[in-house]
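A.B. asks: Sequence and predicted structure are below.
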Amino acid sequence: MDLSDTLFAVFGGIFAVLVFASVIGAVLKYRLASDASHSVIDNLNARINAWWAMILLIGGAIWIGKGGVIALFAFISFQSLREFISLTHTRRGDHRVLLWIFFFFLPLQYYLIVIDWYGLFSILIPVYAFLLLPISASLGSDTTRFLERAAKVQWGLMICVYCLSHVPALLTLDIPGYAERNVLLILFLILTVQSSDVFQYVWGKLLGKHKISVAISPSKTLEGLIGGVLTSTAVGATLWWITPFNPWQAGLIALIINIMGFFGGFVLSAIKRDRGVKDWGSMIEGHGGMLDRVDSICFSAPIFFHIVRYWWVQ
Amino acid sequence: MALENLAASALCVFAKLLTGVRAVWRGSVPDARQRVYFANHRSHGDFVLIWASLPPSLRRRTRPVAGADYWRASALRRYIADRVFRGVLIGRKPSRHQANPVELMGAALADGDSLIIFPEGTRNLGDTLLPFKSGIYHLAKAHPEIELVPVWIENLGRVMPKGTFVPAPLLCSLTFGQALNLTLGEARDDFLIRARESLLTLAPPAE
């Protein structure tokens, strides 16, 4: 199949699933809660609508091309970083640092994908931002909680920009026999990891008994974790035909990125609990913020990128 | 008048885009009752954000109270303060040449308008809420029928701290709290402390 046929097949499949889900959601709403609000059903429908929005955005970006995909993830990084820094303690002396991360390091990181300069892409934030940002902060002459402030800004930049930028960076990998098809790797990553979030939610609602950590997340259960990760690993394996992997490789990789994705949500939940908030933001009505939606991608994207780069790129 | 409305809408849209501001009404609802909104003060943009967060019908009847020294300093500021926001500009240093601030605010209330005030009296650059100036007490005493609504502004001081020119794109939020009135025979200092506490309860927990 050539690329456009494959894309039609994948998006056709996604649309079919979403239409099915929307119909079920509407029927449930009609049958069980036509005039009252019902938190579980309303939440389910809101999640389905968020999926529609996400798929249409990604589809639009792919249709525009490489630039569209890079711009979409740059925007997602920008919004996530905004949410992260807004809930982080910084002081007046950090104002320059904030301008550097939003208006210099974030655009540059994504520009390096555009010009395909992997060497600098891989060290810009872990080395150069890491060294230059505390210098800028020190010029603010405010020592109060200095190390803590520097560490938190760097952490937010790593998660929201560096890690997320590995999604569009998949477009730059040169895989023999897979030319021009790299955008399908992005679809594989997103569909696998995001469906894992959905299946964890579904299995948790159906069978969930043993909470993994009440302190961190009251809704994450062992049954949800195992059921969700295994189900979406099966989803990943059945998507092998859009990837350069064979079925068992696709399944194994899906398993790894699903586990990483789960812990992405888990770690960011721990930070939210510590800050006493339920969601990072309120961008999507009833849905929290951008970072709530992409936390699992942040943790899985770099690992997925490295697996593909190490074993499939020549 | 059309130009002023356009400028006001443009400023509101800009403020909302820049700060992604979210208004949470906790303990009061946005209705047409005449009110005095009082908020913490970190930035010259504070009243713009409160104003932008009100429903458009309330905006037209709500006037910010701002320092005359800053807002009369240039033609553009005068235009924004006088025409666009219909601000009540008061001198911060008491002098015989200027009208009494409480009387100026009272005149606006007598016209049926609501007010936005910053009882710390000045932009606060520290980490804690400053003690309130007594103006809010005199206002409450002169107009006991009008309810006072605390509004906590979170993060706007970080978007553009004093002395900076480029805003950082952080998210801001406004929390509107439960209204309060001066109770019969309440002493000035007791009321000022109670009003300050009602604002502090809206602040997110300190890190």
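C.D. replies: Looks like it came in fine. These figures come from a predicted structure and were not determined experimentally.
A.B. asks: contacts, neighbours, all on C-alpha from now
C.D. replies: Noted.
A.B. asks: per-residue pLDDT, residue 65?
C.D. replies: Reading this off chain A. The model reports residue A:65 with a pLDDT of 93.
A.B. asks: that's the wrong chain, I meant chain B
C.D. replies: The model reports residue B:65 with a pLDDT of 92.
A.B. asks: Which strand or helix spans it?
C.D. replies: With secondary structure defined by DSSP states H and E, residue B:65 is part of strand B:62-67.
A.B. asks: other SSEs contacting the helix or strand following that strand?
C.D. replies: Next helix or strand after strand B:62-67 toward the C-terminus (DSSP H and E): helix B:68-71. Other helices and strands packing on helix B:68-71, by 3 or more Cα pairs under 8 Å, 6 or more residues apart in numbering or on different chains; DSSP states H and E, are helix B:75-78, strand B:88-90.
A.B. asks: list the contacts for residue A:200?
C.D. replies: Residue A:200 makes contact with A:220, A:224, A:225, A:226, A:227, A:228, A:229, according to Cα atoms under 8 Å, 6 or more residues apart in numbering or on different chains.
A.B. asks: Give me the secondary structure label for the fourth one.
C.D. replies: So that's residue A:226. Using DSSP: H, G, I helix; E, B strand; the rest coil, the secondary structure recorded for residue A:226 is helix.
A.B. asks: same deal with the first one?
C.D. replies: Each residue gets one of three states, and residue A:220 gets strand by three-state DSSP.
A.B. asks: Closest residue of the stretch 101-250 of chain A to chain B?
C.D. replies: Residue of the stretch 101-250 of chain A nearest chain B, by Cα to the nearest Cα: residue A:102 (7.7 Å).
A.B. asks: I'd assumed residue A:79 was in contact with that residue.
C.D. replies: No: using Cα atoms under 8 Å, residue A:102 is not in contact with residue A:79; the gap is 10.0 Å.
A.B. asks: Need the overlap of contacts for these two.
C.D. replies: What both residue A:102 and residue A:79 touch, as defined by Cα under 8 Å, 6+ apart, is an empty set.
A.B. asks: Check which helices and strands the helix or strand harbouring residue A:300 sits against.
C.D. replies: Here residue A:300, judged by DSSP H and E, is contained in helix A:290-312. Contacts defined by 3+ Cα pairs under 8 Å, 6+ apart place helix A:290-312 against helix A:66-86, helix A:166-169, helix A:183-207, helix A:247-275.
A.B. asks: how far away is residue A:299 from residue A:305?
C.D. replies: Using Cα to Cα, to the nearest Å, residue A:299 is found at 11 Å from residue A:305.
A.B. asks: Neighbours of residue B:51, how many?
C.D. replies: For residue B:51, the neighbour count with other Cα atoms under 10 Å in any protein chain shown is 21.
A.B. asks: Could I get the pLDDT score of residue B:93?
C.D. replies: Residue B:93 is given a pLDDT of 69.
A.B. asks: Next: the one 5 residues further on.
C.D. replies: You'll see residue B:98 listed with a pLDDT of 67.
A.B. asks: Averaged pLDDT, stretch B:132-148. What do you get?
C.D. replies: 90.
A.B. asks: tell me the contacts of the residue nearest to residue A:238 when sequence neighbours are not counted?
C.D. replies: Nearest residue to residue A:238, sequence neighbours excluded (Cα to Cα, 6 or more residues apart in numbering or on different chains): residue A:247, at 6.9 Å. Contact analysis of residue A:247 by Cα under 8 Å, 6+ apart lists A:237, A:238, A:239, A:240, A:241.
A.B. asks: Show the contacting residues for the last one.
C.D. replies: So that's residue A:241. Each residue near residue A:241 by Cα under 8 Å, 6+ apart is listed here: residue A:247.
A.B. asks: Quick one: classify residue B:166 as helix, strand or coil.
C.D. replies: Reduced to three states with three-state DSSP, the structure at residue B:166 is coil.
A.B. asks: what residue ranges in the chain are flagged as low confidence?
C.D. replies: You didn't say which chain, so I picked chain A. Judged against pLDDT under 70, the low-scoring parts of chain A cover residues A:284-287.
A.B. asks: You answered for a different chain; I wanted chain B.
C.D. replies: Chain B contains residues with pLDDT under 70 at B:1, B:93-98, B:207.
A.B. asks: Chain A contacts on that one?
C.D. replies: B:22, B:155, B:158, B:161, B:166-172, B:205, B:207 (Cα under 8 Å from any Cα of the partner chain).
A.B. asks: Kindly recompute the last result at 7 Å.
C.D. replies: Chain B comes close to chain A at residues B:158, B:161, B:168, B:169, B:170, B:171, as judged by Cα under 7 Å from any Cα of the partner chain.
A.B. asks: Return the subset of those lying in helices.
C.D. replies: In this view, those that belong to helices under DSSP state H are residue B:158.
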